[in-house]
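Novice: Just need the structure, nothing else, for what follows:
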Amino acid sequence: MGFIHLIQALSRHRFSWIMLFLLGIVLEGCGLYFQYKLRLPLCVNCVYERAFYLSFILAGFIGFISPTNFLFRNLAILIFMAGSAGGLVVAFDHIASVYQTGFGASCQLVPHFPSFLKLNEWLPWMFQPNAACEKLEWSLLGFSMPEWILCSFACGLVVSLLFFISQFFKKKRHDYGYFYN
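Specialist: As a prediction, this is how the structure comes out:
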């Protein structure tokens, strides 16, 4: 029972949420570094993954506002979970499109965002793809960029699920009365 209460306590502290907020900013910054400094091409799956990383920033911000408030905390957890799950799906698709056999690229060249959230029109320098999905020569510790992105979203999903599950347990109360009897 101690592990669940630890996770629950972490979900109720601002430190966890500011770290998620900063993680989202760092991951977005890494994407921009790879795009503009290392000149790696940006495909539509990369654009969608960046959009899902924005959910880390949004969830971190909402959770930071009031982590002890039931509504804010659970809204932040749900946004974090949805963004991680969506990013995981896109990352799987990204890996499949990069490593598939056959002719040509399999991903689209134009992103399809909802009409109320046209990120590719509002921030084209960040969300406008300039290449088809193809295998990158970049790797770190033997893993490609899409594989690292998959790992980041998988870790995010595990943490968000732990945060979510911990909300269903009673908050641990300390009874210090036994010291005074």
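Novice: hey, where'd the strands end up in the protein?
Specialist: 139-140, 143-144 (DSSP state E).
Novice: Out of these, flag the one nearest Val158.
Specialist: Nearest to Val158 among the strands of the chain is strand 143-144; the distance by CB to CB comes to 17.9 Å. All C-beta spots, glycine's among them, are computed from the backbone N, C-alpha and C.
Novice: Describe which strands that closest one pairs with in its sheet and in which direction.
Specialist: Using DSSP bridges, the strands paired with strand 143-144 in its sheet are strand 139-140 (antiparallel).
Novice: quick revisit: okay, the strands of the chain, which one's buried deepest?
Specialist: Stretch with highest mean neighbour count among those: strand 143-144 (a mean of 15; mean count of other CB atoms under 10 Å).
Novice: Please look at Leu161 and Ala82 and confirm they touch.
Specialist: No: using CB atoms under 8 Å, Leu161 is not in contact with Ala82; the gap is 11.6 Å.
Novice: so how many other residues sit close to Cys46?
Specialist: Neighbourhood size, Cys46 [other CB atoms under 10 Å]: 27.
Novice: wait, isn't it in contact with Gly31?
Specialist: Yes: the pair Cys46 / Gly31 is scored as a contact, 7.1 Å apart, by CB under 8 Å.
Novice: How far does the longest helix anywhere in the chain sit from its chain's centre?
Specialist: Secondary structure of the chain per DSSP state H: the longest helix is helix 70-99. Centroid separation for helix 70-99 versus its chain: 6 Å, with CA atoms, centre = their mean, to the nearest Å.
Novice: before we move on, what about stretch 58-75?
Specialist: Relative to the centre of its chain, stretch 58-75 is centred 16 Å away, using CA atoms, centre = their mean.
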